[in-house]
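S.K.: With the input below, show me the fold.
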Amino acid sequence: MEQTRSRVARKVEELPPSGIRRFFELVEKMPEVISLGIGEPDFVTPWRVREAGIYSLERGHTHYTPNRGIRELLRELSLYLERRFGVSYDPDAELMITVGGSEAIDVALRSVLEPGDGVLIPQPCFVAYLPCAVLAGGRAIVVATSVQHDFQVQVEDLAKACDDGARVLLISYPNNPTGGIMPREGMEALMRFAAESDLLVISDEVYAELTYDGEHASAASVPGGRERTILVGGFSKAWAMTGWRLGFAAGPADILGAMVKVHSYAVMCSPTTAQEAAVEALRACDEDVAQMHREYNQRRRVIVNRLNAMGLSCFEPKGAFYAFPCIGSTGLTSEEFAQRLLQEEQVAVVPGTAFGECGEGFVRCSYATSMPLIEEAMARMASFVKQISG
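M.R.: Predicted structure coming up:
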């Protein structure tokens, strides 16, 4: 029988491949490359966490857990969120453990969107947001941010883009890829806009512990924020647990109940070993997190200074572990700059356009790698920029 239609859903066919993963695959084939492309800590998971995971396996804890997560981890998570961000959640009704923060975002969107509902997405942003909105049946409404406003989305820009079908505002501070943060007064303004526009807010705060200038302002902690915010976080970045694939969501009981339902059908539960290890991460690893934070902060200062010195104007990132320099002075597009830097100097960065069209003219450089490699990468990049300028 002649095939009359594609066997792949159109919405999937039309999704572009991840710009980050494409460069990652190129780097895997070039072992001599210094990669500033992947947002993964170069630190090993703290020993106490690994030991807890090993002990879990030794005790034979290899079975399913409750869909929402193990009770001990939910209790520790509740204590952590109250201790660090001043927000209280009921472990039995308002928290859940997910397979990374990405699953929390995906499940949240699938739980609250009706077909065609609009999702306001400030860009540049993490590459998964727009695809997750589309795959959940939503309609992505892109709102550009700019370096002139420190990559903080402006309420007036949201108001211009918002329409009657908008249902969700999806934000992320500290931001990937820019390193921008949202001060408390700015977050309060966003929450007032969300209330006036009757929007749910999904706030991806996976980099909350990696804030270098002032305190992190959680969307759920400002007036009026908690009752309309789905707070998303994870263990990958601050605790260097990327391979453990563990995240969480916190929010109103009715929404979290719906999310647990979707989660239970999609993946059943998060990995048992990772959950038991994460209990130790929350309970006993504050100093490990602080030490990694100090190291990232040192790297941040070095990479920003070096980028500015070579003529690539770089906004000062105040969170996460990324620098987002402007490469407009080179006369190259973001894609051209990244491709040529990789080919000619064996340094991998990610084109700004991987994070949205308004990322044109920028590249993302991750400083989640060792200082010697950062120094060498900066020397090679400076040579490349000088050659182009010459």
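S.K.: Tell me which stretches of the stretch 101-250 of the chain form strands.
M.R.: Per DSSP state E, counting those that start in this stretch, the stretch 101-250 of the chain carries strands over the ranges 118-123, 139-144, 166-172, 200-204, 229-234, 247-250.
S.K.: could these go into JSON lines alongside mean neighbour count, distance to residue 324 and mean pLDDT?
M.R.: For the C-beta atoms, the positions are set from N, CA and C on the backbone; glycine is no exception. Formatted as JSON lines, the strands of the stretch 101-250 of the chain follow (neighbours: other Cβ atoms under 10 Å; distance: least, Cβ to Cβ, whole Å; pLDDT from 0 to 100):
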{"stretch": "strand 118-123", "mean neighbour count": "25", "distance to residue 324": "12", "mean pLDDT": "98"}
{"stretch": "strand 139-144", "mean neighbour count": "18", "distance to residue 324": "14", "mean pLDDT": "98"}
{"stretch": "strand 166-172", "mean neighbour count": "24", "distance to residue 324": "14", "mean pLDDT": "98"}
{"stretch": "strand 200-204", "mean neighbour count": "26", "distance to residue 324": "17", "mean pLDDT": "98"}
{"stretch": "strand 229-234", "mean neighbour count": "27", "distance to residue 324": "21", "mean pLDDT": "98"}
{"stretch": "strand 247-250", "mean neighbour count": "27", "distance to residue 324": "24", "mean pLDDT": "98"}
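S.K.: could those strands go into a markdown table alongside distance to residue 270?
M.R.: Below are the strands of the stretch 101-250 of the chain laid out as a markdown table (distance: least, Cβ to Cβ, whole Å):
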| stretch | distance to residue 270 |
| --- | --- |
| strand 118-123 | 25 |
| strand 139-144 | 27 |
| strand 166-172 | 21 |
| strand 200-204 | 17 |
| strand 229-234 | 11 |
| strand 247-250 | 8 |
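S.K.: Between those strands, which one is closest to residue 339.
M.R.: strand 118-123 (21.7 Å; Cβ to Cβ).
S.K.: For that closest one, output the C-alpha coordinates as PDB.
M.R.: The C-alpha trace of strand 118-123 is given here as PDB (Å, rounded to 0.1, in the frame of the first residue of the first chain):
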ATOM      1  CA  GLY A 118      -0.600  30.500  24.700                       C
ATOM      2  CA  VAL A 119       2.700  30.200  26.600                       C
ATOM      3  CA  LEU A 120       4.700  33.400  27.100                       C
ATOM      4  CA  ILE A 121       8.400  32.500  26.700                       C
ATOM      5  CA  PRO A 122      11.000  35.200  27.300                       C
ATOM      6  CA  GLN A 123      14.100  34.500  25.100                       C
END
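S.K.: What helices and strands are in contact with that strand?
M.R.: The helices and strands touching strand 118-123, judged by 3 or more Cβ pairs under 8 Å, 6 or more residues apart in numbering; DSSP states H and E, are helix 129-135, strand 139-144, helix 155-161, strand 166-172.
S.K.: any chance of these in CSV, plus distance to residue 249?
M.R.: Listed next are those as CSV, based on distance: least, Cβ to Cβ, whole Å:
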stretch, distance to residue 249
helix 129-135, 13
strand 139-144, 21
helix 155-161, 23
strand 166-172, 13
